[in-house]
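> Fold the following.
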Amino acid sequence: MMEGNNLARLGGSLPVPSVQELAKGSPGNVPLCYLRDDQQLPIMIKSYDNIPIINMENLILGDEFELKKLDSACREWGFFQLINHGVSDSVIDKVKKDTQDFFNLPLEDKKKLKQMDGDMDGYGQAFVVSEDQKLDWADMFFLTTNPPYLRKQHIFSHLPQPFRGTVELYADELKILALKIIDFLAKAMSMDEEYIREQFGEAMQSMRMNYYPPCPQPDKVIGLTPHSDAVALTILLQLNQMEGLQIKKDGMWIPISPLLDAFIINIGDILEIVTNGAYRSIEHRAMVNSEKERLSIATFYNIKLDGQIGPAPSIISAKNPAKFRSIGAADYVRAMTLVPLIVVKDVVLFPITRSNASCTIRSDSASNALVASSNKRIFGSFSIALAIAILCFCPPDNCIPLSPTDLSNPRGNEDIKLCAFADFAA
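Numbering: from 1, shown residues only. Alright, predicted model coming up:
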């Protein structure tokens, strides 16, 4: 239990101003730290009607066609909208209202639940590691929700009622839903369903509540930096019907139109690994608009902390050899919190068939950096497009040291080494 609590504390963020308050106070101005010129944004297209739509009722009834649709959606898109999901309307209505009410609280009240040093849970932003870093045009409230012993009591026990009760109820319902979805994914992939239930049954669950204020220059900011989700499964609830979520497909950004009363589901890095690359964890981002705020709740479901992240043994064969290495879930969580908002499956588990070069991650008070020794180039924490790696302790011969910090390594003062295959955007 202590190990779990220590792991859950990793991944804190520097304090930043409330974007909601900035938007209220200076509606015509956008501070420079939010203006983005560090990314080449691919062309957006609207030629797709929408991502696939999956009907949970049909899956429960044993509809083989619906199961094939689910399998195809996860292979081709990594995203789908789930209708007739079984979560009660009353619970959804309550969590929508209470989340909106939370963000409408005075700033001083929200600050009572602010993130503590070195801790992700609380009100603020995620993965802000440098005062010079470009920031997302959003505020968030992050909560570890399950299992209960991982909850941060300095946050959770101080949630105003009825918000706390609503969060607990919603978290429990979404745990049930996540396990149902994972069961159907295992069935669609012909995986050993008992093995999958054992790996995911008592997993860590967390929520990120997002508030994206309107922005006078929406094309110059980003609500949420492009990333893939390092978890197993993400269940997204839109609190209003404002568009903002975009997924990257065929080199272009596809805007998603949320369906009323549907969840948006996406495959995370862990499930891509477990399915040996058959299901895709897709890069996505959140954009903002100039007219109205957008609110959402992302609920993340992981593998159990004492589990093993790697391709499911039941689908590995001579014809389908393992494409990823395996690693303990606890080590994966450590790496996940050290390398923010990049494709973490590729930072922890590199494809076995690819060549690799040694590198190391260190951090100082200013920033995290990834150093690729193969070409001696240093990349800031948000300039990395892709890194393929496995968490291990490599010989330091080919590594370029940076300023060490005890926060960079939960095991002590050793360096955290990564063996990496890199495909970076400079």
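
> OK, contacts around residue 74?
80, 185, 188, 267, 275, 278, 279, 280 (C-beta atoms under 8 Å, 6 or more residues apart in numbering). Any C-beta I mention is one placed from the backbone N, CA and C, and that applies to glycine too.

> Please, which helix or strand holds the first one?
Under the assignment given by DSSP states H and E, the secondary-structure element containing residue 80 is strand 79-83.

> Only the buried residues of whichever helix or strand comes after that strand, if you could.
Counting by DSSP H and E, the element after strand 79-83 in chain order, helix or strand, is helix 89-103. Buried residues in helix 89-103, counted by 16 or more other C-beta atoms under 10 Å: 92, 94, 95, 96, 98, 99, 102, 103.

> quick one: the residue minimising distance to the centre of the chain from residue 330, how far?
Centre of the chain computed as the mean C-alpha position; nearest residue by C-alpha atoms, centre = their mean is residue 229, 3.3 Å away. Residue 229 is 19 Å from residue 330, where distance means C-beta to C-beta, to the nearest Å.

> mind listing the strands for the stretch 1-150 of the chain?
53-55, 79-83, 122-124, 139-146 (DSSP state E, counting those that start in this stretch).

> hmm, who's touching the very next helix or strand once past the last one?
What that stands for is strand 139-146. Beyond strand 139-146 in the direction of the C-terminus, DSSP H and E gives the next helix or strand as helix 153-156. Residues from elsewhere that reach helix 153-156 (C-beta under 8 Å, 6+ apart): 113, 116, 121, 122, 143, 164.

> Give me the buried subset of the residues you listed.
113, 121, 122, 143.

> and the second one, what does it touch?
With contact taken as C-beta under 8 Å, 6+ apart, residue 121 is in contact with 8, 115, 142, 143, 144, 152, 155.

> let's see it at 7 Å
For residue 121, the contact set (C-beta atoms under 7 Å, 6 or more residues apart in numbering) comprises 115, 142, 143, 144, 152, 155.

> Among the residues you listed, which has the minimum pLDDT value?
Within the set of the contacts of residue 121, pLDDT is lowest for residue 115 (87).

> If the closest residue to that one other than its chain neighbours is in a bridge, with which residues?
For residue 115, ignoring the flanking residues on the chain, the nearest one in space by C-beta to C-beta, 6 or more residues apart in numbering is residue 122 at 3.6 Å. Beta bridges link residue 122 to residue 142 when assigned by DSSP bridges.

> In this structure, mark out all the helices, start to finish.
2-8, 19-25, 56-60, 64-76, 89-103, 107-111, 153-156, 163-188, 193-200, 269-274, 329-338, 345-348 (DSSP state H).

> can you give me how far the fourth one is from the chain middle?
Its chain's average C-alpha position is 23 Å from that of helix 64-76, according to C-alpha atoms, centre = their mean, to the nearest Å.

> what do you get for the third one?
Here the centre of helix 56-60 is set off from its chain's centre by 26 Å, with C-alpha atoms, centre = their mean.

> give me every residue that touches residue 294.
Contacts of residue 294 (C-beta under 7 Å, 6+ apart): 212, 240, 242, 244, 288.

> quick one: contacts for the fourth one?
Spelled out, that is residue 244. 212, 223, 286, 287, 288, 294.

> ditto for the first one
Applying C-beta under 7 Å, 6+ apart to residue 212 gives the contacts 137, 138, 223, 244, 286, 288, 293, 294.

> Any regions of the stretch 251-400 of the chain where pLDDT drops low?
336-400 (pLDDT under 70).

> re earlier: dump the contacts of residue 74 to TSV, plus distance to residue 176.
Listed next are the contacts of residue 74 as TSV, based on distance: C-beta to C-beta, whole Å:
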residue	distance to residue 176
80	18
185	15
188	19
267	19
275	22
278	25
279	21
280	25
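
> Return the member of the residues you listed nearest to residue 314.
residue 275 (11.0 Å; C-beta to C-beta).

> what number of residues lie near that closest one?
24 (other C-beta atoms under 10 Å).

> I'd like to know the predicted local confidence at the closest residue to it other than its chain neighbours, please.
Distance criterion C-beta to C-beta, 6+ apart; nearest residue to residue 275, sequence neighbours excluded, is residue 189 at 5.7 Å. Looking at residue 189, its pLDDT is 97.

> Tell me, how many residues neighbour residue 189?
For residue 189, using other C-beta under 10 Å, the count is 22.

> The one 10 residues further on now?
A count of neighbours around residue 199, defined by other C-beta under 10 Å, yields 23.

> One more: the one 4 residues further on?
Using other C-beta under 10 Å, the number of residues around residue 203 comes to 24.

> tell me the contacts of it?
Here residue 203 is in contact with 301, 302, 303, 304 (C-beta under 7 Å, 6+ apart).

> out of those, who has the most neighbours?
Neighbour max across the contacts of residue 203 (other C-beta under 10 Å) = residue 303, 27 neighbours.

> Surely that one touches residue 309?
Yes - applying C-beta atoms under 7 Å as the test, residue 303 and residue 309 come out as touching, 6.0 Å apart.

> Now do the shared contacts for these two.
The contact lists of residue 303 and residue 309 share 270, 329, where a contact means C-beta under 7 Å, 6+ apart.

> hmm, back to that, can you put the strands of the stretch 1-150 of the chain in JSON lines and add distance to residue 29?
Putting these into JSON lines (distance: least, C-beta to C-beta, whole Å) gives the following:
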{"stretch": "strand 53-55", "distance to residue 29": "40"}
{"stretch": "strand 79-83", "distance to residue 29": "35"}
{"stretch": "strand 122-124", "distance to residue 29": "22"}
{"stretch": "strand 139-146", "distance to residue 29": "17"}
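
> In terms of mean pLDDT, which of these ranks lowest?
When I compare the strands of the stretch 1-150 of the chain, strand 122-124 is least confident, with a mean of 90.

> And the contacts of that strand?
13, 15-16, 110-111, 113-116, 140-142, 155.

> Out of the residues you listed, which is nearest to residue 177?
residue 142 (20.0 Å).

> The closest one and residue 125 touch, don't they?
No - assessed by C-beta under 7 Å, residue 142 is found out of contact with residue 125, at 9.4 Å.

> more crowded one of the two?
Each of residue 142 and residue 125 has its neighbours counted (other C-beta under 10 Å); residue 142 has more, 24 against 20.

> just checking, residue 271 touches residue 233?
Yes - counting by C-beta under 7 Å, residue 271 does reach residue 233; the two are 6.3 Å apart.

> Sounds good, over and out.
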